[in-house]
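Colleague: Got a predicted structure plus its sequence, pasted below:
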Amino acid sequence: MINKRRMNIGIAADHGGFELKEFLIAHLKTVGIEVIDFGAFALDKTDDYPDYIVPLSKALAEKRIERAIAVCGSGVGASIVANKIAGVRAALITEYFSAHQGVEDDDLNMICLGGRITGANSAQELVTAFLNAKFSGEERHVRRLEKISKLELHIHNN
């Protein structure tokens, strides 16, 4: 069960993740979570994941949404493109431990899933663990995130 804490959630997928995205939106709505859909809005086998994941990632970086779910065929492409946007901490998640530990230790703010490899029930469990988790704020984790932020700043200034 997902905690009822008010949270802005964004979601996006290409054709490889379209069905799983639609399933997750319906599931989240049934448990009272509002989701902002960044597309795709129809199944188009010729679309490209960056066209949906980049706007989702920018919204996350700009804090218009608090957490994000990105789905493509394998989840790999979504993860790669999302992490090009400073402030996004995205990971391909395939098991329960990383779904919550990534948030608790690394302040993961985007979960990436593979629409062709992650079943609906597994995706539901992973998203629930991801959304229920909270960043620990422990000094060692904050220190590591500061190093990542400095790296992002350095990359964008060069």
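Modeller: Perfect, I can see it now. Residues are numbered from 1 along each chain as shown.
Colleague: Please identify the helix or strand for the closest residue to residue 27 other than its chain neighbours.
Modeller: Leaving aside its chain neighbours, residue 27 sits nearest to residue 124 (5.5 Å; criterion: Cβ to Cβ, 6 or more residues apart in numbering). In this view, the C-beta of every residue, glycine as well, is placed from N, C-alpha and C. Using DSSP states H and E, residue 124 sits within helix 120-132.
Colleague: pLDDT (mean, whole number) over that helix?
Modeller: Helix 120-132 carries an average pLDDT of 97.
Colleague: which residues are in contact with it?
Modeller: Residues from elsewhere that reach helix 120-132, judged by Cβ atoms under 8 Å, 6 or more residues apart in numbering: 1-3, 7, 9, 20, 23-24, 27-28, 33, 67, 69, 93-96, 99-100, 102-103, 108, 111, 113, 118.
Colleague: what's across from the residue most central in space within the chain in the sheet?
Modeller: Closest residue to the average C-alpha location of the chain: residue 110 at 2.4 Å, with Cα atoms, centre = their mean. Counting by DSSP bridges, residue 110 forms beta bridges with residue 68, residue 90.
Colleague: any idea how far residue 120 lies from residue 107?
Modeller: Remark: distance between residue 120 and residue 107 (Cβ to Cβ, to the nearest Å) = 27 Å.
Colleague: Between these two, which has more neighbouring residues?
Modeller: Taking neighbours as other Cβ atoms under 10 Å, residue 120 and residue 107 compare with residue 107 leading, 18 against 13.
Colleague: Surely that one and residue 134 touch.
Modeller: No. Contact between residue 107 and residue 134 fails when scored by Cβ atoms under 8 Å: they sit 9.6 Å apart.
Colleague: What's the end-to-end length of stretch 127-143?
Modeller: 26 Å (Cα to Cα, to the nearest Å).
Colleague: Then stretch 59-71?
Modeller: End-to-end span of stretch 59-71 (Cα to Cα): 16 Å.
Colleague: Identify each buried residue in it, please.
Modeller: 59, 60, 61, 65, 67, 68, 69, 70, 71 (16 or more other Cβ atoms under 10 Å).
Colleague: and it, average pLDDT?
Modeller: Averaged across stretch 59-71, pLDDT comes to 97.
Colleague: Spit out the contact partners of residue 117.
Modeller: Residue 117 neighbours (Cβ under 8 Å, 6+ apart): 73, 74, 75, 94.
Colleague: do the same with residue 83
Modeller: Applying Cβ under 8 Å, 6+ apart, the residues contacting residue 83 are 89, 90.
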